[in-house]
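Peer 1: structure here, sequence nowhere to be found:
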């Protein structure tokens, strides 16, 4: 083989490796383009979105695993059926947000404002909701086993059975 052919093939090799990484998703590669715009089915896995203004955005069916939204504004956002396993929403603003069918297992919503949000059929198993504001939320069909509700304000929340509405003095549990 001529030297010029070897040099040409050697120059192509890095491009082929990059293509294989992007198409096949080899282990250890980035799965998300954290700079992608907010849209349904966006892949923001392991992205840092702290302090962002994402109010009113549509993130239906989004991949948000291990992403962080600390102090972010998600007022009125649609996160229905999003996969936010172990995502962090510490001190985030989510009033009026739609989280129906969202997977929030082990998510951290400590001190988050979820007033008036819809969490119908959401999976909140082992989620951290300590000192969160859940006034008027709809938890119909939500799974909350193992969730930490210590200090959470549940005033006026519709409980998981869809019938019980928590008393105005409900803190840490639905009374």
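Peer 2: Yep, it's here. Worth saying up front: this structure is predicted, and the values here are computed from it rather than measured. Residues are numbered from 1 along each chain as shown.
Peer 1: check contacts around the residue positioned nearest the centre of the chain.
Peer 2: With the centre of the chain defined as its mean C-alpha position, the nearest residue by CA atoms, centre = their mean is residue 84, 3.3 Å away. Residue 84 makes contact with 64-65, 67, 102-104, 107, according to CB atoms under 8 Å, 6 or more residues apart in numbering. For glycine as for every other residue, the C-beta is placed from the backbone atoms N, C-alpha and C.
Peer 1: rerun at 7 Å
Peer 2: For residue 84, the residues meeting the contact criterion (CB atoms under 7 Å, 6 or more residues apart in numbering) are 64-65, 102-104, 107.
Peer 1: want to throw those residues into a markdown table with pLDDT?
Peer 2: Formatted as a markdown table, the entries for the contacts of residue 84 read as follows, by pLDDT from 0 to 100:
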| residue | pLDDT |
| --- | --- |
| 64 | 98 |
| 65 | 98 |
| 102 | 98 |
| 103 | 98 |
| 104 | 98 |
| 107 | 98 |
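Peer 1: out of these, what pair is the most spread apart?
Peer 2: Spatially, the most separated pair among the contacts of residue 84 is 65 and 102, at 11.8 Å (CB to CB).
Peer 1: please identify which of those two sits among more neighbours.
Peer 2: The neighbour count for residue 65 versus residue 102, taken as other CB atoms under 10 Å, is higher for residue 102 (30 against 21).
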